[in-house]
Every structure is written in structure tokens, then in C-alpha cells.
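Trainee: this one's structure only:
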């Protein structure tokens, strides 16, 4: 191999043959017009280069090298077209570059020859992107795509590129040819107009697909799900201010970096300086560390998730900024057009404000509530108390229900409802249950422990984590109105929880039907206090409990009567359940003991008067 000119490769060969008519190509491209004429010319260039290269080889992609004279003529012709052509050796070093490659990139031919084509790289493409095209051409196939490159002056530009292998007479690859043209001029503006039309269609599509919910989270999630369906947006996150200095993820699609279902509460995006800049309009966030310290942690997580650009957009309702929309993409080819699309992203933010704005005030209340519940959990601002559960047949305490009392006096029902509202119910349930297991270590080991969990905590596995490895028998109590959806899945989840049995609470309160009891096959059924109150004087309640006891006898279910306060109630329940075996008719209530931190009832040691009246 020898080089007689920086832009020309001379390779010797004994073969001769036909080469494409150079003069006709020169005439076709010597006087280019503008507008549609330019676009038509660009479309012909790839065919022309292919024609020239077919003069370089025969048999299509597999042929024989021509002689030196033809190669010189070919190189001279390619030098005169406005189409960058490179020839690469087997190590992907540039051994030939035409004049257009220098004009387009700004690098002189002396710097191009001997370098790797990645010298033109802008940094937008990953190593995997380059590896993919290398693997393709190394197996003898052509590769076609768009490179985002950087001129020597630093200006970013796009080049549509085809890279093909060149074969010798024994069909071995001896080099690669890279032909590329810049996406500028009329074709670039045509793509911009097409993109603008597509953006407007996208807004209409999102408006059609978003399903408003009765809360901010649901509506925001539907919005994010619709946005990531757009071709060049892979990630959508809606953030809501919290405490004036931070933002919290309300909804997210297309990324696991921020999962609103896991209540990742504080996104370190929003120092006041960032809020101010985002409030002025859509802004492209930097990808490099240290460029914008206020968003570095947030940006880093998305970059690790594959983002090649990130944009923050204000979400406004009226004159007030109520949140921010984060958009990102993993497609390097879209990086060039991000700045030109900021107005479109702004429209997305405006639409988000229109559909979620009226719910933001309610969410601000939720944020305050979230902080309170989170504090209760993290600081353990509660106490566990235990109420005995007694076998009515033997008058023996056989178990304890763990109950929670909150330090600020809020009732358990209200506190757990608050936790559910702000997405912390499972976390609060697990925190109180873990505390109960620690406190129950002082209880007699043969007594079972009744823990309250929602169906959600059971299905997502968090309840199983709490009771994992516990040696004491645990009864998982779930209220009937929490049971919805796939009962088979719920039953299976409980079966995987080790030494645990299921108890259905509030039987008779009207939340569900007996069919659900049949589906879940619980070991325990707890009669609601409304069924027990004054049962000794109420024939209707007596009939209902009698029927339930008969059902329990036939299905081997243990009945627990809740809220028992008088001896008369205990006597009636014992009579109605007389057919049940020992251990199958239990009771709890003030009659047998109030919830206390230190249980006053020991196994087998009921108060003597209570035993006499049982």
C-alpha cells in the first residue's frame, strides 16, 4: 500500500474492468440547486456512490479489485462530490478520505488519514452503539444509520451513514467503505416540519389517552403512561413540591430510577436556584457531573438508567407552578433535536397542569399528612398493646391480638386510613407488626399472636418479610373490606408465610359475602362486635351466630367472638356454639381483659369469677 496524496489510497491489482462513468456524475452534481432540487440531488447521491463503488468491485458486494489506473480515477471522481467517503482498514483506521469528509468535519485530511472514524464523535453514542455496527460489517453485512458527530469547531451535526465491507477475489473482507451525507439543507427543514406536525398529533393523542382519576397520583400516572408512548420520549416523571425545597415523585413511567409505587419521597432536584430556572420555562438538564450540582444526584440516576438527554418542564396551574415534568430519552438520534422541541415539551407541561392542577391543593394536604405518618414510622411514635383471646370452652387464654396506640392520641382507624391515603399503609403496618413481634417475646410461647395486615401488604410480600423466621404461631388478620381481586393469589401468598394462619375480621359487618370466606378458606373467622352486642336479648343476632357456628362446624373453622363485655353475652355465645369442639369457639373483649402493654392474663389462669361464669 502507498499514499501519493493525503486524500487518495493507491492499491495495486492485476485485474482490469469497467468503472462507472465519472463525467456524467460530475455533470449531475456540478451545479446543485436549492429547495426541492437539493433534496432530489441528495437522494441521488447514495445511488451515485454505490455506482462508483461497483466499479471498485464486481459481483455486487463481492468482487475483484481493479487496477491502479481505475482506482485513481475512482478516487478523483469521489473527491468531487459533496458526499463524505472513507475507506477503513481491517482495524477500522481511515486509509482514504475524500475532500468532502474534510469540508464537512472541519478536520484537514492530514489529521483524518490514520485516525479512527470515532474522531468525529460527539460523545452522544455509547460503546454498544459503535460495537453493533462493527459486529455487523465484520460478518459481511452492510450497516445503515445516523451518526451524531461533532465538527472540529465543536458544532454538532448529523450524518446519515452506510458502512459496507469490501471483499477480494477469494471473498475475504479486506477493507470497509463508509459513505455518509449531512442531514442539513432542505431535507433537514423538511424533517423539522414533519416533526412539528407529529408533535401536534402527539398532543391530541395524549389528550385522548389520559384517563382522569379522582386523585392527583392516578391522573399523573395516566399522563406519564401516555407520554412515554411517543416515539422519542422514553421516560416521563411528574414531580410535586414538598416543603419548599424538594420535590417528590408523584408518578413515573419508563424508568425504575423513580418508582412512585414505592413512595420514593424526596427527589433531590429542587434547590431554590433550580426551581427558579425551571419556573421560567423548559430547560435541558446537563448530563455531566458537576455542571449543575443542584440536580447531580437526580441526573445521575437517570443517566445510569440510559438517558442521553433530560429536560425539566414547569407544570403550572394558573399563575402558580405546581410541579415539574421530567422527560428523557435513551435514543441518541433524538439528542440533536431536543433544543428545537422545548416549546413542544412546554405544551406537554401546560396540558399536565390543566388536568392535575385542581387536584394539587388536595395533594399538598397529602404531603403534610405524608410527613406526619413518615415521622410516626421512622421515630416509632406508637405503643403496642395486647388483648387476650380466650377459649370459651376451657376458659383458657390461647392467644393475643396485637393492637397499636399512637402517641399523639389519633385512633388506629384514623391513622391507618391516613397512611393508606398517602401510600404508606403497608410500611406502617410492617413497622407496627415488627414492634409487636419484639414485644410479644415476653408472652407465653404457646400462645398465638394475632397481627393485622391489609391484603396489599400480604400480596406484595412485605408482610411475609416481617414474619419470616418467627417460631410462634402467627394469625394474620385481614378485614373483609380489604379483600378484593385475586383470592387465589392472596391464599397462595399466605401459604408461603410459614407458621401463619389466616383470620377474616368483621364477619357480619356486611362488607363481603360467605362466598369470599369459601374462596379464602381461613382458619379463623372473627364475628364483628355488632353481632355480639346484646346478643343475649336479640333473637335475630342469635339466629345469625347460630348459622355461622353451624357453617364453622361443617368447614372446620375457628370462630372468635369480638367485643364481648358481659357474662350474659359470653353465656349465649357459648350456648350457640356448643356443638363446636374445644378450641373452635374463642372470644375477646373487655370481659376477658383490656388491651395492655403487659398482658394481665396468663395461659390457663383466668380470673376465678370469670371462669365460674364462663
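Mentor: Sure thing, it's come through. What you see is a predicted model, and the numbers here were worked out from it, not measured in a lab.

Trainee: Show me the helices in the stretch 201-350 of the chain, by range?
Mentor: 216-227, 272-279, 296-304, 342-356 (DSSP state H, counting those that start in this stretch).

Trainee: okay, these in CSV with mean neighbour count and distance to residue 124 next?
Mentor: To be clear about C-beta, it is placed using only N, CA and C from the backbone, and glycine gets the same treatment. Output for these, formatted as CSV (neighbours: other C-beta atoms under 10 Å; distance: least, C-beta to C-beta, whole Å):
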stretch, mean neighbour count, distance to residue 124
helix 216-227, 23, 22
helix 272-279, 16, 23
helix 296-304, 17, 12
helix 342-356, 20, 18
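
Trainee: can you tell me how far residue 412 sits from residue 376?
Mentor: According to C-beta to C-beta, to the nearest Å, residue 412 and residue 376 sit 12 Å apart.

Trainee: Between those two, point out the one with more neighbours.
Mentor: residue 376 (23 against 14; other C-beta atoms under 10 Å).

Trainee: Output the lowest mean pLDDT helix or strand found in this protein.
Mentor: strand 8-10 (a mean of 29; mean pLDDT, DSSP states H and E).

Trainee: Out of the helices of the stretch 201-350 of the chain, flag the one nearest residue 315.
Mentor: helix 342-356 (4.7 Å; C-beta to C-beta).

Trainee: Tell me what angle that closest one forms with helix 216-227.
Mentor: Relative orientation of helix 342-356 versus helix 216-227 (axes from the mean of the first three to the mean of the last three C-alpha atoms, to 10 degrees): 150 degrees.

Trainee: so where do the strands sit in the stretch 101-250 of the chain?
Mentor: 143-150, 156-167, 173-182, 235-242, 246-253 (DSSP state E, counting those that start in this stretch).

Trainee: For stretch 388-407, give the mean pLDDT please.
Mentor: In this model, stretch 388-407 has an average pLDDT of 94.

Trainee: Give me the distance between the two termini of it.
Mentor: End-to-end span of stretch 388-407 (C-alpha to C-alpha, to the nearest Å): 22 Å.

Trainee: Number of residues surrounding the spatially closest residue to residue 132 that is not a sequence neighbour?
Mentor: Distances taken as C-beta to C-beta, 6 or more residues apart in numbering place residue 143 nearest to residue 132, at 7.9 Å, with adjacent residues excluded. Residues contacting residue 143 under the criterion other C-beta under 10 Å number 17.

Trainee: so what's residue 143 bridging to?
Mentor: Going by DSSP bridges, residue 143 is paired in beta bridges with residue 163.

Trainee: Is it correct that it is in contact with residue 163?
Mentor: Yes - in this structure, residue 143 is within contact of residue 163 by C-beta atoms under 8 Å, at 4.7 Å.

Trainee: Now do the shared contacts for these two.
Mentor: Residues touching both residue 143 and residue 163 by C-beta atoms under 8 Å, 6 or more residues apart in numbering: 133, 137.

Trainee: Kindly list the main-chain dihedrals of the residue lying closest to residue 550 once chain neighbours are set aside?
Mentor: Nearest residue to residue 550, sequence neighbours excluded (C-beta to C-beta, 6+ apart): residue 579, at 7.5 Å. Reported as degrees, to the nearest 10, the phi and psi values for residue 579 are phi -80, psi -10.

Trainee: Residue 552 is in contact with residue 579, correct?
Mentor: No - checked against C-beta under 8 Å, the pair residue 579 and residue 552 is beyond contact range at 9.3 Å.

Trainee: if you count what's nearby, which of the two comes out ahead?
Mentor: Between residue 579 and residue 552, counted using other C-beta under 10 Å, the more crowded position is residue 552 (21 against 12).

Trainee: all helices for the stretch 1-150 of the chain, in order.
Mentor: Using DSSP H, counting those that start in this stretch, helices in the stretch 1-150 of the chain cover 22-29, 36-56, 68-79, 99-105, 109-112, 127-138.

Trainee: Give the ranges of residues in the stretch 1-150 of the chain that sit below the confidence cut-off.
Mentor: The stretch 1-150 of the chain contains residues with pLDDT under 70 at 1-75.

Trainee: oh sorry, the question was meant for the stretch 351-500 of the chain
Mentor: Residue ranges of the stretch 351-500 of the chain with pLDDT under 70: 361-367, 479-486.

Trainee: Just the strands from it, written as ranges.
Mentor: For the stretch 351-500 of the chain, the strands defined by DSSP E, counting those that start in this stretch occupy 382-391, 396-406, 448-452, 474-479, 500-507.

Trainee: nearest to residue 570, of those strands?
Mentor: strand 382-391 (9.0 Å).

Trainee: what distance separates that closest one from the centre of its chain?
Mentor: With C-alpha atoms, centre = their mean, to the nearest Å as the basis, strand 382-391 stands 40 Å off its chain's centre.
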